[in-house]
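Undergrad: With the input below, show me the fold.
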Amino acid sequence: MTISDGPLRPDSALLDRLAAAFRGLGHPTRLQILLTLRDRDVLSPAELSRCIEPAVGLERIAYHTRTLGLLGLIVPAGTEAVRGSVQHFYCLSPHGRKLLELLDDHSRSISPRPSPPPRA
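TA: Sure, this is the predicted structure:
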C-alpha cells in the first residue's frame, strides 16, 4: 500500500520508510543541505560546506550527504576529477523534492510564536 492509496494504515514497513524519510529533516545541517540543493540544483559537499551557516566542516557535510543519500532524499549527479581525487555532486531526488514541498506547506500553516509582551 502507498500513501496515495488512501489513509495511512499501520503497515510496519511503510511506517519504517516514512520515519526514515523524516529523519532526513531531523538535523539542521541535513535540512540546510536539502534546502540549498533545492535552490542551487547540483552541488558537491565542498560547495555545500561553503553555503551552510553556521560553518560546518567538510567531513560533517560528507557524512550528512551520505546519510541523505541512504535515505533516498538526494541522488548522485556526477563526478569530477579534482587534484588527484574525485569530487562527487548531488541533487535532490524526486522524493526529496516532495518532502520539501510538504515541509513548505507545513511551515506556511503554522503560526509564528507570539512575541513576549514588552517590559514595563
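Undergrad: Under the pLDDT cut-off, which ranges of this structure? List them.
TA: In the predicted model, the chain carries pLDDT under 70 at residues 1-8, 111-115, 120.
Undergrad: from what I can see residue 56 touches residue 46, true?
TA: No: counting by CB atoms under 8 Å, residue 56 sits too far from residue 46 to count as a contact (11.8 Å). Yep, even glycine has a C-beta here, placed from its N, CA and C like the rest.
Undergrad: which residues touch the closest residue to residue 23 other than its chain neighbours?
TA: Take residue 23 and drop its neighbours on the chain: the residue closest to it by CB to CB, 6 or more residues apart in numbering is residue 71, 6.6 Å away. Residues counted as contacts of residue 71 (CB atoms under 8 Å, 6 or more residues apart in numbering) are 20-21, 23-24.
Undergrad: Also residue 26?
TA: So, once contact is read as CB under 8 Å, 6+ apart, residue 26 ends up touching nothing.
Undergrad: Residue 97 now?
TA: residue 38.
Undergrad: what about the strands in the chain?
TA: Listed in chain order, the strands of the chain (DSSP state E) span 74-82, 85-92.
Undergrad: residue nearest the centroid of the chain?
TA: residue 34 (3.3 Å; CA atoms, centre = their mean).
Undergrad: I'd like the distance between that one and residue 119.
TA: 39 Å (CB to CB, to the nearest Å).
Undergrad: May I see the buried residues of the longest helix anywhere in the chain?
TA: As assigned by DSSP state H, the longest helix anywhere in the chain is helix 94-109. For helix 94-109, a neighbour-count test (16 or more other CB atoms under 10 Å) marks 95-96, 99-100 as buried.
Undergrad: And the residue lying closest to residue 67 once chain neighbours are set aside, how far from residue 43?
TA: Distances taken as CB to CB, 6+ apart put residue 30 closest to residue 67, at 6.6 Å, once the chain neighbours are dropped. Per CB to CB, residue 30 is found 14 Å from residue 43.
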